[in-house]
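> Just the structure for this:
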Amino acid sequence: MQKHTFQNPVLAGFYPDPSVIRVNEDYYLAASSFVYFPGIPIFHSRDLVHWEQIGHGISRPEQIDYKNCEASLGLWAPTLRFHEGTYYIINTFVSEGREKRRDNFIITAKDPAGPWSQAHFIKGADGIDPSLFWDEDGRMWYTGNYISSPAAYEGHHGIYLCEINPETFQFQGQRKIIWDGAQTGSHYLEAPHLYYENGYYYLIAAEGGTFAEHSVVMARCRTVDGDYEFCPRNPILTHRHLSREHEISVTGHADIVKTQNGEWWMTLLGVRPYRDGHFNLGRETFLVPVRWDADGWLRVDNENGLVNTQERLPDLPHVPKTPAFLSDSFESECLSFIWNSIHPCPAHYFSLAKRPGYLRLFLQPQVLHEICTPAFIGRRQQHSRFQIQTAMEFSPASEYEEAGTALVQDDRYHYTFTVSLQDGQPVIRVISTKDSVRTILAAQSIRGGRRLYLTVSADTGGYHFYYGYAPSQMIPVFTGADPVLLSSVTNAGFTGTYLGMYVSSNGAESENYADFDWFLYEPW
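Next up is the predicted model:
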């Protein structure tokens, strides 16, 4: 018997700022990716619940310059839209600091799976979270956030509107402020999206910042560039009044979509916290039903007005996604969509062809504890309880060389679990990097020989590190590593934890490499 509910989040792990569209009976969704490459993951669904990744908006290094940004900069919130046979993504690339340089651009494609075009940068488009809207007269409009100057208070931001040329993707005409945050006492007003419904232009936005005060707010106007009135029930969705340890927190940054059967649904981000409001999985994608109330404003269409772990299914055909393996045996000619590098990874960093059936990572001087492009290939942590294991073949030639696995929040906060040499003998170490200070938590001598099995598990007690000479052998190196080290709250970061394979020659030149036969990710 088919269930009548689904489980939130619909995209587990670090997939924040979801933007959703419907094209006939197909739904597409794009999410933020910050400094990870390929960037802007794109998903497809037929029922809004089961999502399958089909590509990336940024998949070629030449599309955009990542500028060696730190982890929480880079590609911020994208908006995905469709108009007259073309798919559009408008996005902000943030660099030189969170409120410093913000370059807004548009990429296009005829197929949402790609390939996507080079970036068309919009001159004069400041702020973050841009969105596109086509009016019934064919005019193309840009909405975006701006930082008020001078600011009346900390977080005094607003939303502006400007027409955009559909051929050149440049502003035309004058930009107009349509929501000054001071009008409503809003802090960090951002994430605007425009819609036309019931004779009104509706503006949905986020305010309160991206942590515990996050929320969804809205305004409306009879004309697209007129004076907007604000919903008297703002925020229309928030969990800010709940405990920071409520099962879902930090809800906000929403987009809405109308189904072919007339229902309305909202995608938005949220987190699943644990102790003291910490969360390691990053901001995830959730789904809630909404409806237009009698007063013409949106409301969440369930009993408690919240984002729930169990929610009723959309009135759509149940179409399960194609089963996907959580493990990778590296048998393909290219890496699967689950894998990312920190910044675009140069081609000479890795190979799937040098030894078929293995991922070969070549040792590089770059290190994980600096802002750079390290030899790291990782995937998102998507569950609070999980186990990863990889079969690695590596023979260190010097004490500078290391290879193994890494659990990454950013360059300042991570764990590495690697094999190296100490006094000429092989050793395996667990090292924590906390606020850029590296500490050896444990070190053990190991037998010589190339093949080793590295295992990391996680539960309420923290992260646990094991090795073995066979897949089933679990020799503990360090258990109970503090999970708070990898919490997004610890570094006030926007990314979630990544788990993957890492090699380095720690500043020295090397021709060595490590081969990884497979990588297992298994939720508990």
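> tally of neighbours for P317?
9 (other Cβ atoms under 10 Å). Every residue, glycine included, has its C-beta placed from N, CA and C.
> what's the answer for R98, then?
Residues within reach of R98, counting by other Cβ under 10 Å, total 14.
> who are the neighbours in contact with it?
Residues in contact with R98 (Cβ atoms under 8 Å, 6 or more residues apart in numbering) are 72-73.
> same deal with F519?
Counted by Cβ under 8 Å, 6+ apart, F519 has contacts 327-328, 330, 359, 379, 388-390, 500-501.
> which of those count as buried?
Buried members of the contacts of F519, counted by 16 or more other Cβ atoms under 10 Å: 328, 330, 359, 379, 388-390, 500-501.
> Among the residues you listed, which are located in strands?
In strands, judged by DSSP state E, the following of those are found: 359, 379, 388-390, 500-501.
> so R244 touches A212, yeah?
Yes: between R244 and A212 there is a contact at 5.7 Å, judged by Cβ atoms under 8 Å.
> Need the residues touching each of those two.
Joint contacts of R244 and A212 (Cβ under 8 Å, 6+ apart) are G277.
> I177 against C162, yeah?
No: the criterion here is Cβ under 8 Å, and I177 misses it with C162 at 10.3 Å.
> okay, how far is it across stretch 372-381, tip to tip?
22 Å (Cα to Cα, to the nearest Å).
> Name the residues of it that are buried.
Neighbour count says stretch 372-381 has 373-381 buried, by 16+ other Cβ under 10 Å.
> Can I get those in CSV including distance to V290?
Shown next, in CSV, are those (distance: Cβ to Cβ, whole Å):
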residue, distance to V290
T373, 41
P374, 42
A375, 45
F376, 39
I377, 39
G378, 35
R379, 32
R380, 27
Q381, 30
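> picking that back up, ok, of the ones in strands among the buried ones among the contacts of F519, which one's closest to P314?
R379 (28.3 Å; Cβ to Cβ).
> Leaving out the residues flanking it, which one is nearest to that closest one?
Spatial nearest neighbour of R379, chain neighbours left out: I338 (4.6 Å); criterion: Cβ to Cβ, 6 or more residues apart in numbering.
> low-scoring pLDDT stretches of the stretch 351-500 of the chain, where are they?
In the predicted model, the stretch 351-500 of the chain carries no residue with pLDDT under 70.
> So Q53 belongs to a strand, correct?
Yes: the assignment for Q53 by DSSP: H, G, I helix; E, B strand; the rest coil puts it in a strand.
> so what pLDDT did the residue nearest to it when sequence neighbours are not counted get?
Excluding the flanking residues, the one nearest Q53 by Cβ to Cβ, 6+ apart is F337, at 4.5 Å. F337 carries a pLDDT value of 96.
> Check what pLDDT D227 gets.
On pLDDT, D227 comes in at 96.
> Begin at 678, not 1, for the rest of this chat.
Got it, first residue is 678 now, which makes that one D904.
> Contacts only, for the closest residue to it other than its chain neighbours.
Nearest residue to D904, sequence neighbours excluded (Cβ to Cβ, 6+ apart): C898, at 6.5 Å. Going by Cβ under 8 Å, 6+ apart, C898 touches 855, 877-878, 880, 904-906.
> Kindly report the same for P1033.
Here P1033 is in contact with E1008 (Cβ under 8 Å, 6+ apart).
> quick one: it from E1010, how far?
9 Å (Cβ to Cβ, to the nearest Å).
> T900 too?
53 Å.
> L1129 too?
In terms of Cβ to Cβ, L1129 sits 26 Å off from E1010.
> Can you tell me the SS state at P1033?
coil.
> Could I get the phi/psi values of Y1026?
In terms of degrees, to the nearest 10, the main-chain angles of Y1026 are phi -80, psi -30.
> wait, what's in contact with the residue lying closest to it once chain neighbours are set aside?
The shortest distance from Y1026 to any residue other than its chain neighbours is 5.0 Å, reached at A1052 (Cβ to Cβ, 6+ apart). Listed by Cβ under 8 Å, 6+ apart, the contact partners of A1052 are 1022, 1026-1027, 1038-1041, 1043, 1179-1181.
> And for I719?
Counted by Cβ under 8 Å, 6+ apart, I719 has contacts 705-707, 730-734, 757, 789-791.
> Make JSON lines from these and add neighbour count, distance to P827 and pLDDT to it.
Formatted as JSON lines, these follow (neighbours: other Cβ atoms under 10 Å; distance: Cβ to Cβ, whole Å; pLDDT from 0 to 100):
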{"residue": "Y705", "neighbour count": "22", "distance to P827": "40", "pLDDT": "98"}
{"residue": "L706", "neighbour count": "27", "distance to P827": "38", "pLDDT": "98"}
{"residue": "A707", "neighbour count": "28", "distance to P827": "35", "pLDDT": "98"}
{"residue": "Q730", "neighbour count": "19", "distance to P827": "44", "pLDDT": "96"}
{"residue": "I731", "neighbour count": "15", "distance to P827": "45", "pLDDT": "97"}
{"residue": "G732", "neighbour count": "20", "distance to P827": "43", "pLDDT": "98"}
{"residue": "H733", "neighbour count": "23", "distance to P827": "39", "pLDDT": "98"}
{"residue": "G734", "neighbour count": "29", "distance to P827": "36", "pLDDT": "98"}
{"residue": "L757", "neighbour count": "25", "distance to P827": "35", "pLDDT": "98"}
{"residue": "P789", "neighbour count": "22", "distance to P827": "42", "pLDDT": "98"}
{"residue": "A790", "neighbour count": "14", "distance to P827": "45", "pLDDT": "98"}
{"residue": "G791", "neighbour count": "19", "distance to P827": "43", "pLDDT": "97"}
